[in-house]
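give the three-dimensional model of this entry:
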Amino acid sequence: ISSFSSCFSDTGTKPPESGIFGFMINISSVLGVATMYIRYLIIEKQNGSSHFISSSFNILSLCIGLMGCVGMAIVATFQELSVPSVHDIGALVAFASGVVYITLQSIISYKSCPQWNTYLVCHIRMAISVISCIAVIPSILY
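Coordinates of the predicted model:
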């Protein structure tokens, strides 16, 4: 199992795979920025008529989400074998910001309930948030 684990974790670390892997992470980062900005705009529009959160809370959520995308871009740009410390910092920023972002989005969902969300959607988002919080701990410790 040890050799399988080592083989699996080294899959995207050597050229040409590392270049393709980095490229795909950068695409994912750009798509994340677009998704988070659209979510921000939707919440701003909904909040304009209902006033369920402060606008600064929505901006804070967007900024933290964008930090996570920057962390992803750092991970893609600075490969693990070339610059491990920068790669690890980027991964930490991406994971931690992602957990905070999904938690803030869960809070926004609960605040906008029941007019803009169902409680089922709120509970699912919160479950993802809790699982993310639990999952980020081993990734930081490792």
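
spatially speaking, which residue is in the middle of the chain?
Among the residues of the chain, Gly98 comes closest to the average C-alpha position under CA atoms, centre = their mean, at 3.1 Å.

check contacts around that one.
Gly98 sits next to 65, 68, 132, 136 when contact means CB atoms under 8 Å, 6 or more residues apart in numbering. Placement of C-beta: from N, CA and C, glycine included.

secondary structure element holding it?
For Gly98, the host element (DSSP states H and E) is helix 84-111.

quick check: next helix or strand after that helix?
Under the assignment DSSP H and E, the closest C-terminal helix or strand after helix 84-111 is helix 119-141.

low-scoring stretches of the protein, by residue?
Across the chain, the ranges flagged by pLDDT under 70 are 1-12.

again, only using 90
Within the chain, the stretches falling below the threshold (pLDDT under 90) are 1-19, 21-22, 78-84, 117, 137-142.

and whichever strand or helix holds Cys69, how far from the chain's centre?
Remark: Cys69 resides in helix 55-77, with elements defined by DSSP H and E. Between the centre of helix 55-77 and the centre of its host chain there is 8 Å, according to CA atoms, centre = their mean, to the nearest Å.

buried sites along that helix?
Along helix 55-77, these residues count as buried under the neighbour rule (16 or more other CB atoms under 10 Å): 57-58, 61-62, 64-77.

the longest helix belonging to the chain vs helix 84-111, what angle?
The helix that spans the most residues within the chain, counting by DSSP state H, is helix 17-50. Regarding helix 17-50 and helix 84-111, their directions subtend 30 degrees when assessed with axes from the mean of the first three to the mean of the last three CA atoms, to 10 degrees.
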